[in-house]
Every structure is written in C-alpha cells, then in structure tokens.
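Enquirer: coords please:
(chains A and B)
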2 protein chains.
Amino acid sequence: MRNLKMIVRYDGTEFCGWQTQPGVRTVQQTVEQAIQSITQETRVRANCSGRTDAGVHAIGQVFNFYTGTRLDGATLVKAVNAKLPDDVAVTSCEEAGQAFDANRDAVKKLYRYVINDTRIPDPFQRRYAWQPRRRVDTERMHRAAQCLLGRHDFRCFETQWPNRLSSVRTIKHIAVTRHDDCAWVEVEADGFLYNMVRAITGTLYLIGHNYWPEEKMRDVLEGMDRREAGPTAPPQGLFLVRVTY
Amino acid sequence: MRNLKMIVRYDGTEFCGWQTQPGVRTVQQTVEQAIQSITQETRVRANCSGRTDAGVHAIGQVFNFYTGTRLDGATLVKAVNAKLPDDVAVTSCEEAGQAFDANRDAVKKLYRYVINDTRIPDPFQRRYAWQPRRRVDTERMHRAAQCLLGRHDFRCFETQWPNRLSSVRTIKHIAVTRHDDCAWVEVEADGFLYNMVRAITGTLYLIGHNYWPEEKMRDVLEGMDRREAGPTAPPQGLFLVRVTY
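Expert: Residues are numbered from 1 along each chain as shown, chains lettered A, B, ... in the order given. Below you'll find the predicted structure:
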C-alpha cells in the first residue's frame, strides 16, 4: 500500500466540520467518497492534521491515506477534483513515507481569523469573516497578543476544559494586522486546544475596541479560567492556512 | 417629498435579480421593505440604474426613491442596514434633485466579469466567479476586445433580440486584465443590452483559449447575429461596479 499526502481547501460553510458523523455532510466523508470512487477501494480513511469545526474553512488542510492505486499524484488530483463538489478542492498529492501521519507528525499549524470590521459589513465577506460592525485597533490587539508567545498552559482559551491530556501548547507566532477593511489574527502553534483561536480572537476583540485594557490579556492567561477570557468568535472567520511537517 | 439617491451592494447568489416579481426573493423588494419599515411609509418605490439578472452581483448599484422621512442620510444608511439581510447593504445615501432618475440619468455603467481560470478552481470563489477550469490568455482577449470600443450596433451580443428600441450602444472602455488566478473583463458603456457583458465574455473566452482567432471578434460584431458569438457566460461572475451620472 502507498501512503499519500494530500492538501485540500474547503469553504466550511455548508459542512458540519471535518470529522465524519452519521447523517450530516462532513469534509472527511466527502473527500473519502471521492477518492474511493477513483481508486475503486471500499475503505479509504483520510487522516487529517487536525479536524476543523462546523463552518470553519481551510486553505491548506493536510491529510494522508493508504491506497493500492497506481495512479500518479497529478492524475489523482485531477480525477478526485472531478468527483468533489465545488466547495472543496484537492490542491496537491505527493508520496509520503510509510510511517507518515498527518496528525501526529505536524510540527506546527497556522490559523488565520478574519474580522471584517467596517460599520457597514461587506455582503461578499459574510461567509468568510466575522462582521461585528465595529472598528478594532489592530496595533493595540497586536501588542496585547504578544504575551501569548511561547510555551504556556492555555486552558483559559479552551472550551470545555479539560478535553485533552494537556493544555500546554507553544505559540510560535502571533500577529494582528490590517488588510484594508479586515483585521487578521494569525496564530501559529505546535497544537491547538478546542476553540483556542476563536477564544483568543474574542478576547483580542474586546481589547481592540477598548472595552478591556491591553494588560488584560496577561491576566486572562495567568488566571487559567475560561470565564475570564472573551467570547468565542463565530466559526466563519476562521481558516486553517498551513500545516508544517 | 424628498428624492434620495442610495448606493447598494449585494451578493446576487440568493436573489432572483433586482426586479420585484411575485413569489420570489428580489433585491428591489428586499430594499423597499427595509426602507418602508424605517420611514413607516406604505409604498416606497426603488428605481435603479438598470436591473441585474438572477445571480448577478453589485458593488455599486444606484437607485433613487421619493420619501417624506426627515431622517438624514447617515442615519438612514444605518437604520436601513439594520433591517436588511446580510447579503445586501446600503453604502451611501444622499439628497438628489427632484428630477433625478437613477435609470434615465445614468451616463455610463461599469460591469466587471470575473473568470477564475485555474485548473483547480478555488472553492472560495465559486459564488463570485466563473470557473471554466481552463487558463485563458488575457492579453489576447484584451487585443481582441478593442474592436468593440465606440458606437456600434451590438445586437450580436443581445439575448432574444430585439427587446430594446435600439441595439446601438457606445462602449467607452473595455479591458481584459489578469489579477492573480482571475481574469477580469471590464466593460464601461452608456447602456447595455440584455446579457451583453456575459455574451461578450463568452466570446472572449473562446478567443482566450485559442478556440477562435483574435480577428473573430470583428466578424461577430459585423455579422449582427447572436448565433455567431460565443456562449452566454454564467451569472455568478458578473458585477455591476459603478454608475456614473
């Protein structure tokens, strides 16, 4: 059996997240069915870098799967895309070592959260950004975010803690930048807790429009209590951008 | 009564075009109802620069309406947007002269047609671009398009000709340009025939991937026969960008 690594992008709006669940439309099931229809195998299992929630998008989600097909990567990309609906597309396919595991071997992942913060929200962005109708100060948010850099216990940003063995993660990069009528919150880490980027964004948002002082972020982190952080920002602003191995 | 001029943008995907029709969701009806609920008037009539078809988008559609309200423009924008669904937004409102007619007084209108022409279509653009999965040569298309500049009988690009008094229009600007993974066809004219930009785009598309020679465009124009032009490109790539008065 070959072990193949695929990169996939999807508009998460009409998916109930990555992971297969009975009775609902998920990315995993959609991708597995498309591959199966090409390779004529009855059981293909797509193992992703980390599942995304309902409504969350991906530009560079990665998964691996074992297959007996002899088709080369470029042919598989073309054939699988011809079977996929238009809200999901495979962008690359390459041979991976037998032991490669897209989930376990991920060194870091980059997420981007997009806030379209004009007073008049842009109808063309409503599926791909949070639109709070309130301008945020990105420089202030960027400064406040820097105390999250490095290795910390991030349980203050985890919905329903504890649901992982450990809530310690290492943030390698965090930046808040302006892109015309949008603020981007980008977080790259060796792993993420449940809803972590959305809770960080919700907290930064309250700091960004001066509801909270910049220093509040450190208090939240040190408090280790989810109730002290800001709200969980809605899913449609979140993108899994890149996974590094 | 005051005569107000509003600019509106909308994602046309879930509208059956601009014009009110019984039993379907249209931009006109949606906008009129939002305004009526603010001004408390029973009959507001939004008169637009030119109706858009089902699935076509607008960045800068313009309409005027007569109203007795005393609310100022900025307040009306805010109040009306609060009533509108998130796929349509009013971006400005200003006082117009009593005689101003958004349809009759338009000097020129600019339409943009977006073709996402990568072999792997981008899921995030599927609602806002045509995705033929075939790369086009924008420089070739641009050269071919230039013979359309000026005053001509454009009946070769009109669906169901004749349906206007005259099929003579003046194209003031036409350009095909590349924007990363998209080709843009922009046409600015003093008026447009039914499906004209989409038929021009369908013709340019065939020239753009070398199915037809560049010179074919002049033959199509001079032939004055819709059957000699290319197919009508699908609605989701078309945007009404700007109306000049």
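Enquirer: From now on I want contacts and neighbour counts done on CA atoms only, so please keep to that.
Expert: Fine.
Enquirer: From B:L204, how far out is the residue in chain A sticking out farthest from the centre?
Expert: Relative to the centre of chain A, the most outlying C-alpha is that of A:R70, 31.5 Å out, by Cα atoms, centre = their mean. Noted for A:R70: a distance of 39 Å to B:L204, by Cα to Cα, to the nearest Å.
Enquirer: and what of A:H179?
Expert: A:H179 is 33 Å from B:L204, by Cα to Cα.
Enquirer: does any bit of the helix or strand where A:A89 lies sit next to chain B?
Expert: Secondary structure from DSSP states H and E places A:A89 in strand A:88-96. Yes: using Cα under 8 Å from any Cα of the partner chain, strand A:88-96 comes into contact with chain B via A:88-91.
Enquirer: And for stretch A:31-45?
Expert: No: judged by Cα under 8 Å from any Cα, stretch A:31-45 makes no contact with chain B; its nearest approach is 14.0 Å.
Enquirer: what comes up buried for that stretch?
Expert: Residues of stretch A:31-45 classed as buried by neighbour count (16 or more other Cα atoms under 10 Å in any protein chain shown): A:31-36, A:39, A:44-45.
Enquirer: Could you work out the end-to-end span of that stretch for me?
Expert: Stretch A:31-45 has an end-to-end distance of 9 Å (criterion: Cα to Cα).
Enquirer: next one: stretch A:10-27
Expert: OK, stretch A:10-27 end separation, Cα to Cα: 8 Å.
Enquirer: Comparing A:H179 and B:L204, which shows the higher neighbour count?
Expert: The neighbour comparison of A:H179 against B:L204 (other Cα atoms under 10 Å in any protein chain shown) goes to B:L204, with 30 against 11.
Enquirer: Now do the SS call for that one.
Expert: At B:L204 the chain is in helix, as set by DSSP: H, G, I helix; E, B strand; the rest coil.
Enquirer: May I have whichever helix or strand A:H152 is part of as PDB, with CA atoms only?
Expert: Taking DSSP H and E as the definition, A:H152 sits inside strand A:150-153. The C-alpha trace of strand A:150-153 is given here as PDB (Å, rounded to 0.1, in the frame of the first residue of the first chain):
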ATOM      1  CA  GLY A 150       5.900  30.800  23.800                       C
ATOM      2  CA  ARG A 151       5.100  27.800  25.900                       C
ATOM      3  CA  HIS A 152       2.100  28.300  28.300                       C
ATOM      4  CA  ASP A 153      -0.900  26.500  29.700                       C
END
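Enquirer: Neighbouring strands of it in the sheet, and parallel or not?
Expert: Pairing partners of strand A:150-153, with direction, according to DSSP bridges: strand A:168-179 (antiparallel).
Enquirer: just how off-centre is the helix or strand A:L110 falls within within its chain?
Expert: Using DSSP H and E, A:L110 sits in strand A:108-116. Put simply, strand A:108-116 sits 7 Å off its chain's centre (Cα atoms, centre = their mean, to the nearest Å).
Enquirer: Can you read off the backbone torsions of A:G50?
Expert: In terms of degrees, to the nearest 10, the main-chain angles of A:G50 are phi 170, psi 130.
Enquirer: Isn't A:A129 up against A:V185?
Expert: No: the pair A:A129 / A:V185 is not scored as a contact, 11.4 Å apart, by Cα atoms under 8 Å.
Enquirer: Which of those two has more residues huddled nearby?
Expert: A:V185 (27 against 24).
Enquirer: For A:V187, which non-adjacent residue is closest in space?
Expert: Once flanking residues are discounted, A:V187 sits nearest to A:I174: 4.5 Å by Cα to Cα, 6 or more residues apart in numbering or on different chains.
Enquirer: mind listing what the one you found touches?
Expert: A:I174 is in contact with A:142, A:145-146, A:148-149, A:185-188, counting by Cα atoms under 8 Å, 6 or more residues apart in numbering or on different chains.
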